[in-house]
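In: Sequence first, then the predicted structure, then my questions.
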Amino acid sequence: MPDDDTRRLVAAQGRGFVATVRPDGIPNLSPGGTTEVWDDEHLVFPDLYSPGTVADLAGNPAVEVNVVDPVRRRGYRFRGAGEVFTRGEPYDRIVRRFGRKRGTDPAPVGSAVLVRVLGAEPLVSPAYEGGAAEEGIAAHRRARLTSGTDAAGDGREEPG
């Protein structure tokens, strides 16, 4: 699953937007700040404050995780099946890893989720259409993110 670019992007961003399906069939989207590549087949995140996501996965393991670099406006869509661990060896290993790597306090970790990635697709902003260079898009986004407007300062949203 993860090539070097995928691993780099997930490690640099850490934020994954996790989509699950509620029991009533309505989508649930939860931003998580602790998404990592676990191994060649899995993503992982601890459940810190996502009771809806965990409940959804208990009834339906279908999940999609989107990790996007907001400056480069590129990322990946990971489709898969989530498995929730509340205790035992996988849970303990995940909690230890996040404590060691990120300083995550284990107290609020209600569970840990391993996502078996069944497919991964790139996410690329339409801003790249027409051959726009990444450095120009990134410079524009940096200016917009730091000023609260677009690079020209007129508040207009750029396409894509």
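Out: Happy to help now that I have it. Residues are numbered from 1 along each chain as shown.

In: Return the list of strands paired to whichever strand or helix holds Ala19, each annotated with direction.
Out: Element membership of Ala19 [criterion: DSSP states H and E] is strand 16-21. If you go by DSSP bridges, strand 16-21 pairs up with strand 27-32 (antiparallel), strand 62-69 (antiparallel).

In: among these, which is the most enclosed?
Out: Highest mean neighbour count among the strands paired with strand 16-21 (mean count of other CB atoms under 10 Å): strand 62-69, with a mean of 20. (Each C-beta comes from the backbone N, C-alpha and C, glycine too.)

In: rounded to a whole number, what's the mean pLDDT of that strand?
Out: For strand 62-69, mean pLDDT rounds to 96.

In: With just CA atoms, put the next helix or strand after that strand into CSV.
Out: Using DSSP H and E, the helix or strand that follows strand 62-69 towards the C-terminus is strand 74-85. Listed next in CSV are the C-alpha coordinates belonging to strand 74-85 (Å, rounded to 0.1, in the frame of the first residue of the first chain):
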residue,chain,number,x,y,z
ARG,A,74,-2.5,16.9,-2.6
GLY,A,75,-3.2,13.8,-0.6
TYR,A,76,-4.5,10.3,-0.6
ARG,A,77,-7.9,8.6,-0.1
PHE,A,78,-7.6,5.3,1.7
ARG,A,79,-10.5,2.9,1.4
GLY,A,80,-10.6,0.0,3.8
ALA,A,81,-12.0,-2.0,6.7
GLY,A,82,-11.5,-0.8,10.3
GLU,A,83,-11.0,-3.0,13.3
VAL,A,84,-11.4,-1.6,16.8
PHE,A,85,-9.3,-2.8,19.7
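
In: what's strand 74-85 packed up against?
Out: With contacts defined as 3 or more CB pairs under 8 Å, 6 or more residues apart in numbering; DSSP states H and E, the packing partners of strand 74-85 are helix 4-13, strand 42-47, helix 51-59, strand 62-69, strand 111-124.

In: picking up where we left off before, of the strands paired with strand 16-21, which is nearest Asp4?
Out: Distance to Asp4, taken as CB to CB, is lowest for strand 62-69 among the strands paired with strand 16-21, at 14.7 Å.
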